[in-house]
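Undergrad: Give me a 3D structure for the following:
(2 chains)
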Amino acid sequence: MKKNWLFLALFTVLATANVFAQGKFFTKNGHIDFFSATPMENISANNDKVVSILDTETGKLDFQVLIKAFEFEKALMQEHFNENYMESDKFPKSTFKGQIVNLSDVNFSKNGTYQVKVSGDLTIHGVTKAVQAPGTITVKDGTITATSKFTVAVADYNIEIPKLVKDNIAKNIDINLSMNYQPYKQ
Amino acid sequence: MKQKILAAILLVAVIGAYVGYTMYNKPVAATADKKTDLQIEAPTLFAEFEQNEEAANAKYNDKTIEVKGILKAVEQEGDKITLQLQAGEMGGISCEMQDKSGADALKPGDTVTVKGVCTGMLMDVVLVRCVLSK
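TA: You can find the predicted model right below:
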C-alpha cells in the first residue's frame, strides 16, 4: 500500500513537470517587422510567416524568414525592396542561427519574464555576420513567448542604396520580433 | 502668347507631379483583382518545392496562384488567419489570408481553393495576401 502512494507521488511529480516548458518549441507564424525612419519618409513592412525553433535545454535558437513575404503598404516600395535592395530572387531567405548566452538565467519551468542575450549568425542578402541582440522571454503555464528589438546596418550586408533615394532610407533599420511558441510535437 | 505657354507648361507639370505622386503611393494590389497565373493542387505544389526548391522558386515566386487542397488547420495569430493545406509528410501549404472573410467558417477536412501570392518555402510553401476562390 505504501508503495502505491510512492508511485502516485512520483507520478504526480512527473505529470506536473510535463506542464512546464521543456524541450523543443516552435512557431510557423512568428512576426517580424522593420522600420526605417528618415526626415524624408518612414518605411515599414510586416512579415507574419517567421519560422522559429527554440530548444529550452540547449538554448539554441533558429529563425527563418522569406524575404518575399514582407508586406508593404506601397507597391513600389515592395518592388524596390525585393528587386533592387534585397534581390530576393537570388537570396530568398534570411536566417539566424544562434544561442541564448545566459540560458541559466531563464527558468523555463517557472512563470516569469526573463531578459536574455542572444548571439549567433545573421544572414541577410547572402552575407553572414556574427551579431548579438537582447531579448525578452516570457514563460506562462507551459507556453513561451519571445520578443526582441535590434538594429541592422544596411551597409553591413552589401545592400546598395542608390544615391537618388539615399535620404529616404535609414542607414540603420529597426527590427522587431515577436514569437508565440508552441511545444514541438514529432 | 508667352503667358499661354507658361500656363501650358505649368499645367503639364502639375499633371505630371500628380501622376507621379499617385504612382508612388499606389497600394499593393488586392489579390482578388489580380489575374490568376496558374492553378495547382496542394500536394503537387509542395512536391515540386521539395524536389527542387530553386526551380520551384523561379517557377512560382511572385506568381498569383490558385491552390486546391484539403484544409488541415485554421490558425489564428493576432488578427491574421492562416489556412494550412495538406500536402506532404513534413509540411504543407501555408496560406496567410488577406482578411477574415469566410475563412473563420471553414473546418479541417473541407476542400478549399485559395488564391494568393507564392513567396517560397520554409517548412511549408508560403502564400501571402490570400483570398478564398469561389
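Undergrad: Show me which residues of chain A are close to chain B?
TA: Within chain A, the positions adjacent to chain B are A:28-29, A:31, A:48-49, A:51, A:64-66, A:68-69, A:71-76, A:78, A:82, A:88-89, A:92-93, A:180 by C-beta under 8 Å from any C-beta of the partner chain. Bear in mind the C-beta positions are built from the backbone N, C-alpha and C, glycine included.
Undergrad: give me the element A:D174 is part of.
TA: Assigned by DSSP states H and E, A:D174 belongs to strand A:172-183.
Undergrad: So which elements touch that strand?
TA: Counting contacts by 3 or more C-beta pairs under 8 Å, 6 or more residues apart in numbering or on different chains; DSSP states H and E, strand A:172-183 is packed against strand A:24-37, strand A:42-55, strand A:143-153.
Undergrad: Quick check: which of the ones you listed is nearest to A:Q99?
TA: strand A:42-55 (9.5 Å; C-beta to C-beta).
Undergrad: do the helix or strand of chain B with the lowest mean pLDDT and chain A meet at all?
TA: In chain B, no helix or strand scores lower on mean pLDDT, DSSP states H and E than helix B:2-24, which sits at a mean of 90. Yes: applying C-beta under 8 Å from any C-beta, one finds helix B:2-24 touching chain A at B:M23, B:Y24.
Undergrad: Now that helix - C-alpha only, CSV.
TA: Only the C-alpha atoms of helix B:2-24 are listed here, as CSV (Å, rounded to 0.1, in the frame of the first residue of the first chain):
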residue,chain,number,x,y,z
LYS,B,2,4.0,83.9,-73.5
GLN,B,3,1.5,83.6,-70.7
LYS,B,4,-0.4,80.9,-72.5
ILE,B,5,2.8,78.8,-73.0
LEU,B,6,3.7,79.3,-69.3
ALA,B,7,0.2,78.2,-68.3
ALA,B,8,0.5,75.2,-70.5
ILE,B,9,3.9,74.2,-69.1
LEU,B,10,2.6,74.7,-65.6
LEU,B,11,-0.5,72.6,-66.3
VAL,B,12,1.7,69.7,-67.7
ALA,B,13,4.0,70.0,-64.6
VAL,B,14,1.0,69.8,-62.2
ILE,B,15,-0.5,66.8,-64.1
GLY,B,16,3.0,65.1,-64.2
ALA,B,17,3.5,65.7,-60.5
TYR,B,18,0.1,64.3,-59.7
VAL,B,19,0.5,61.2,-61.8
GLY,B,20,4.0,60.7,-60.3
TYR,B,21,2.7,61.1,-56.8
THR,B,22,-0.2,58.7,-57.3
MET,B,23,2.0,56.0,-58.8
TYR,B,24,4.5,56.4,-56.0
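Undergrad: starting at the chain centroid, how far to it?
TA: 35 Å (C-alpha atoms, centre = their mean, to the nearest Å).
Undergrad: Pull out the buried positions in it.
TA: Residues of helix B:2-24 include none that count as buried (16 or more other C-beta atoms under 10 Å in any protein chain shown).
Undergrad: Now do it: everything it contacts.
TA: A:K74, A:L76 (C-beta atoms under 8 Å, 6 or more residues apart in numbering or on different chains).
Undergrad: Which SSE is immediately downstream of it?
TA: strand B:38-41.
Undergrad: Counting by contacts, list what the helix or strand just after that next one packs against.
TA: Next helix or strand after strand B:38-41 toward the C-terminus (DSSP H and E): helix B:42-51. The contact analysis (3+ C-beta pairs under 8 Å, 6+ apart) places helix B:42-51 against helix B:53-60, strand B:64-77, strand B:80-86, strand B:92-97, strand B:125-132.
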